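Novice: Quick one, fold the following:
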Amino acid sequence: MSTQKRKFLYQPAPLSSVICWSWTLIIFFVGIIIWLEITHFQWITLFFLAFFCLVSWAEIRFRTVSIDQGVMSISRLINPKSLVVNVSEVKRVSMSKHQIGFIAQGKIYHLIMPANSVIELNELITNK
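Specialist: You can find the predicted model right below:
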């Protein structure tokens, strides 16, 4: 087992991810609609586009899975410590090319990640 702290970025399950990013795109489209209705660039348009960039950055940056000394923690956008569990308590790990799924504390989790992160996380979880 690796003693080094490992951190991975993820997106939630496919359906949740589509819903969340759809709401985020609404912010972008409101900015574009205001810009096109007023016919020239306004401060309110800049605000919506900057807010869209900020929300997009936060949705990518703050969703992390970290494993440190046998403890796995999954951080969400609003709740930074939504799941903290020992790696030994994780059951039924399944993986595909860009998705990993497991059961922890009686709940089923599906995470979308890059392929190399899925492989490395699977190795860290299964090599308890």
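
Novice: Can you tell me what sits against the helix or strand of the chain with the lowest mean pLDDT?
Specialist: Ranked by mean pLDDT, DSSP states H and E, the weakest helix or strand in the chain is strand 83-86, scoring a mean of 83. If you take C-beta atoms under 8 Å, 6 or more residues apart in numbering as the criterion, strand 83-86 is touched by 70-74, 104-105, 109. Every residue, glycine included, has its C-beta placed from N, CA and C.

Novice: what ranges do the helices span in this structure?
Specialist: 14-38, 43-61, 115-126 (DSSP state H).

Novice: hmm, what's the outermost residue in this protein?
Specialist: Of all residues in the chain, residue 39 has its C-alpha farthest from the mean position, at 36.1 Å, by C-alpha atoms, centre = their mean.

Novice: next one: phi and psi at it?
Specialist: phi 70, psi 0 (degrees, to the nearest 10).

Novice: Pull out the buried residues from the contacts of strand 83-86.
Specialist: Buried subset of the contacts of strand 83-86 (neighbour count, 16 or more other C-beta atoms under 10 Å): 72-74, 104, 109.
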